[in-house]
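**Student:** mind looking at a prediction? Sequence and model below.
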Amino acid sequence: MSVLLEYAMFPTDKGESVSEYVSKIIEMIRNSGFQYKLTAMGTIVETSSVEEATEIINKSYSILETYSNRVYASIKLDIQKNKKNRLLSKIKSIENKIGEVEK
C-alpha cells in the first residue's frame, strides 16, 4: 500500500514567518525514515499505511502545540493498494510524458 500524505501545518500566532516552527516538523519527518518532499506550500510524505500517515500528523501537531495556542493544518491523502514508491514514480511519469511531447 502507498499513502501519499500532502499537508501543511503551522502556528498562526507566531507572526509573519513560521519557518522556525515548520523546520522542527521537517526534522521529525527526516528522522522518521519515510520518503518525503518539502515544497514551498507544504510537505508530501509517503507511508505504507493510513496509520503511519496519521501518526506523522499527530507528531507534527504535538511538536507545534508546545509553542502555539492555535495551529492551522491542511491535509490530503492519496491511498492506493498494491503500490509503493509513488512519490517519485508519479513525477517521473509526468516528466516522461512531457519529454515525449517535446520530441
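**Tutor:** Yes, it's here.
**Student:** going along the chain, name the helices of this protein.
**Tutor:** Here the chain has its helices, by DSSP state H, at 19-32, 50-65, 86-102.
**Student:** just name the most buried of those.
**Tutor:** Highest mean neighbour count among the helices of the chain (mean count of other CB atoms under 10 Å): helix 50-65, with a mean of 16. (Glycine included, C-beta is placed from N, CA and C.)
**Student:** that one to helix 19-32, inter-axis angle?
**Tutor:** Interaxial angle, helix 50-65 versus helix 19-32 (axes from the mean of the first three to the mean of the last three CA atoms, to 10 degrees): 150 degrees.
**Student:** and helix 50-65, what does it pack onto?
**Tutor:** Applying 3 or more CB pairs under 8 Å, 6 or more residues apart in numbering; DSSP states H and E, one finds that helix 50-65 contacts strand 2-11, helix 19-32, strand 43-47, strand 71-80.
**Student:** how far off strand 2-11 does that helix point, in degrees?
**Tutor:** 10 degrees.
**Student:** helix 50-65 - what's its average pLDDT?
**Tutor:** The average of the pLDDT scores along helix 50-65 is 98.
**Student:** stretch 19-33 now?
**Tutor:** Stretch 19-33 carries an average pLDDT of 98.
**Student:** just how off-centre is that stretch within its chain?
**Tutor:** Centroid separation for stretch 19-33 versus its chain: 10 Å, with CA atoms, centre = their mean, to the nearest Å.
**Student:** residues in contact with it?
**Tutor:** 9-11, 14, 36, 38, 43, 45, 56, 59-60, 63-64, 67-68 (CB atoms under 8 Å, 6 or more residues apart in numbering).
**Student:** ok, now stretch 42-57?
**Tutor:** By CB under 8 Å, 6+ apart, stretch 42-57 touches 1-9, 25-26, 28-29, 32, 34-37, 73-75, 77, 79, 84-87.
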